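Engineer: Please work out how this folds:
(one chain, ligands or ions: 1)
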Amino acid sequence: MSAALRPEFARLNEIVAARRPWSHVMKKGETLRIIDLEGQQAVDTLFYNPHDFAERYSAQDTVAAQGAPYLGTGTKLMSSEGRVMATITANTGGRHDTSAGACSCESNTVRFGHHTRYMEACRENFLVEIAKYGMGKRDLVSNINFFMNVPIEPDGTLAIVDGQSAPGGYVELRAAMDILCVISNCPQINNPCNGFDPSPIRVLVWPPMA
Ligand SMILES: [Zn+2]
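Structural biologist: So this is what the prediction gives:
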C-alpha cells in the first residue's frame with residue numbers, strides 16, 4: 001500500500017451498506033479502493049464516461065486486450081471505444097470476474113425458482129443508480145464482478161463458487177480518464193457469490209498522486 005494512499009488523505013471514504021447501490025464520478029488520475037470488509041462479497045461494477053455516457057465499460061474489449069478472462073493487478077479496463085478507462089493497480093481480493101454478468105430478478109427465477117421473483121438483484125440496483133444520470137435499461141452492459149470467483153471449467157462451463165477474498169481484501173484502480181463508477185453491492189442470497197450473507201463494503205477515493 002502506497003504511503004500516499006493512507007485513509008486520512010482520501011477525499012472520499014464511505015460505507016456502502018449490504019445490498020445497496022452506489023455511484024461516484026472520479027477524475028482522471030484518481031484512485032478508487034474497494035474493500036471487501038467481511039470477505040466473499042461480490043461487488044458488481046460498471047464504468048461510464050461522464051461526459052458521454054455512450055462510452056462505457058466493455059467486458060469483451062477488456063478480455064480481448066489482456067488475452068485472459070480474469071481481472072487482476074495490471075488489467076486495463078477498456079471502454080466500448082477501445083480506450084483505457086482505468087487500470088487495476090493493487091489487488092488482495094483474489095480473482096475478479098467479468099464474464100458472468102449481474103444477477104437479475106429474471107435470472108433468479110430461472111435459476112432458483114419463482115419465489116425469488118421479488119428479491120433484490122444487481123440489475124435493479126444498477127437501474128436505480130443510473131436513473132440518477134438519466135440512463136435506463138439500454139445503458140446496462142456486461143459488468144465487472146469484483147471479488148466474485150467464477151472459474152471457467154475445462155469444458156468451458158462458468159462455475160460460481162466461494163469467493164477467495166478474506167475480510168479486508170481490497171482492489172484498487174486508477175482512473176485513466178474521468179469515469180462514472182456505478183456499483184451494486186450484490187444482494188444475491190441464492191448462490192455462494194456472497195457467502196449467502198450480503199455484507200457492507202468500504203469505498204475510498206484519493207486525488208491524483210503528485
Ligand atoms: Zn448480484
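Engineer: Give me the helices and strands touching the least confident helix or strand in the chain by mean pLDDT, please.
Structural biologist: Confidence across the helices and strands of the chain bottoms out at helix 105-112, with a mean of 81, counting by mean pLDDT, DSSP states H and E. On a contact count with 3 or more CB pairs under 8 Å, 6 or more residues apart in numbering; DSSP states H and E, helix 105-112 meets helix 122-131. All C-beta atoms are positioned from the backbone trio N, CA, C, and that covers glycine.
Engineer: quick one, the helix it packs on and helix 105-112 angle?
Structural biologist: Inter-element angle recorded for helix 122-131 and helix 105-112: 170 degrees (by axes from the mean of the first three to the mean of the last three CA atoms, to 10 degrees).
Engineer: ok, back up a step: give me the contact list for the least confident helix or strand of the chain.
Structural biologist: For helix 105-112, contacts defined as CB atoms under 8 Å, 6 or more residues apart in numbering pick out G101, T116, R117, Y118, M119, A121, R123, E124, Q188, N190, N191.
Engineer: Show me these that map onto strands.
Structural biologist: Restricting these to those inside strands, with DSSP state E as the criterion, leaves an empty set.
Engineer: Generate a ChimeraX selection restricted to the buried subset of these.
Structural biologist: The following ChimeraX command selects only the buried members of those, with burial defined by 16 or more other CB atoms under 10 Å:
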select :101,116,119,121,123,124,188,190
